[in-house]
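Trainee: need a structure here:
(one chain, ligands or ions: 1)
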Amino acid sequence: MPEKVTVPGIRARKRSAGHEPIVMVTAYDTPSARIADEAGVDAILVGDSVAMVALGYADTLQVDIDVMAHHVGAVARAHPRALLIGDLPWLSYHTGEADAVRNAAALVRSGAEAVKLEGGSRRVPAVEAIVGAEIPVMGHLGLTPQSVHVMGGFKVQGRQEAEADALLEDARRLEDAGCFAVVLEGVPADLAARVTDAVGVPTIGIGAGAACDGQVLVFHDLLGLGSGRVPRFVRRYADLAADATKALSAFAADVREGRFPSGEESYGAPS
Ligand code: KIV
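Mentor: Have a look, this model is predicted:
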């Protein structure tokens with residue numbers, strides 16, 4: 001039986017030290033967490049992407065701590081071997097350190113073993129407070145979806161030199177504040193490589209090239225369960241939406257044409 005993945009275990013996983021890349025996926029419910037865990041991923045992120053991927057919203061700003069705690073609880077009930085990280089939603093850590101700790105604790109009490117939050121230097125007090133409460137924190141830099149309106153859309157970040165330098169500095173500040181890993185989303189591959197070299201904690205990329213210490217994708221994107229256009233960094237490993245539609249169409253046809261249920265699928269009268 002493979003060992004439980006822990007925060008110190010992930011923290012040590014720098015590829016420069018000879019370690020295999022970290023594999024992380026999102027999951028929002030018990031069955032998807034079971035599937036991810038059976039596939040042997042290292043970490044499961046209950047991302048606030050649940051808002052867009054599973055709840056039909058246009059951005060991630062629409063979910064609060066209660067919604068996130070609900071989904072973290074569902075994933076925790078799969079008892080994954082993978083490390084379970086809960087995403088702190090927008091406004092749950094922007095209004096002061098006490099709020100940040102209280103909300104991080106709500107995710108831990110729902111089953112998270114670590115939390116993730118977005119942003120750089122400005123978030124250092126929140127990171128320090130949460131880490132000070134013995135809750136491990138994963139950082140998230142680059143295309144941070146909770147800043148969608150400030151960024152003017154979901155756009156690649158760090159393309160200008162000054163922006164790239166600021167992002168590098170943010171990564172160092174997050175490491176100093178105690179983050180055990182940092183997600184790099186939507187940044188040029190060479191910048192992600194510079195950040196990965198510059199920090200002693202692992203970087204986990206999404207749309208950030210191949211040099212990161214790990215990669216994360218959204219469960220629904222990689223399995224072809226989403227609708228609409230997927231970003232260019234997504235590799236689709238299955239087309240489950242098409243398979244599911246085919247299966248449900250077959251069920252509908254069987255019902256309409258009297259082939260379902262059969263005798264074997266029905267109960268007999270008591271004898
Ligand atoms: O919410 C999320 O799914 C994320 C990942 C894309 C990193 O933050």
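Trainee: The closest residue to residue 12 other than its chain neighbours: neighbouring residues, count only.
Mentor: Nearest residue to residue 12 in three dimensions, chain neighbours excluded: residue 19, at 7.1 Å (CB to CB, 6 or more residues apart in numbering). In this view, the C-beta of every residue, glycine as well, is placed from N, C-alpha and C. Counted with other CB atoms under 10 Å, residues neighbouring residue 19 total 15.
Trainee: of all the residues in the stretch 1-150 of the chain, which ones are close to the ligand?
Mentor: 26, 45, 47-49, 87, 140 (CB under 6 Å from any ligand atom).
Trainee: In ChimeraX, how would I select just the buried ones from the residues you listed?
Mentor: Command for ChimeraX, covering only those of these found buried under the criterion 16 or more other CB atoms under 10 Å:
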select :26,45,47,48,49,87,140
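Trainee: now, which of the residues of the stretch 1-150 of the chain next to the ligand sits nearest the ligand?
Mentor: residue 47 (2.3 Å; CB to the nearest ligand atom).
Trainee: Skipping adjacent residues, who's closest to that closest one in space?
Mentor: Closest to residue 47 by CB to CB, 6+ apart is residue 26, at 4.4 Å.
Trainee: And the contacts of the helix or strand containing residue 125?
Mentor: Per DSSP states H and E: residue 125 is located in helix 124-132. With contact meaning CB atoms under 8 Å, 6 or more residues apart in numbering, helix 124-132 is reached by 93-94, 97-98, 100-101, 104, 115, 117, 137, 139, 173-174, 176-179.
Trainee: Counting only helices, which of the residues you listed make the cut?
Mentor: Among the contacts of helix 124-132, the ones falling in helices (DSSP state H) are 97-98, 100-101, 104, 173-174, 176-177.
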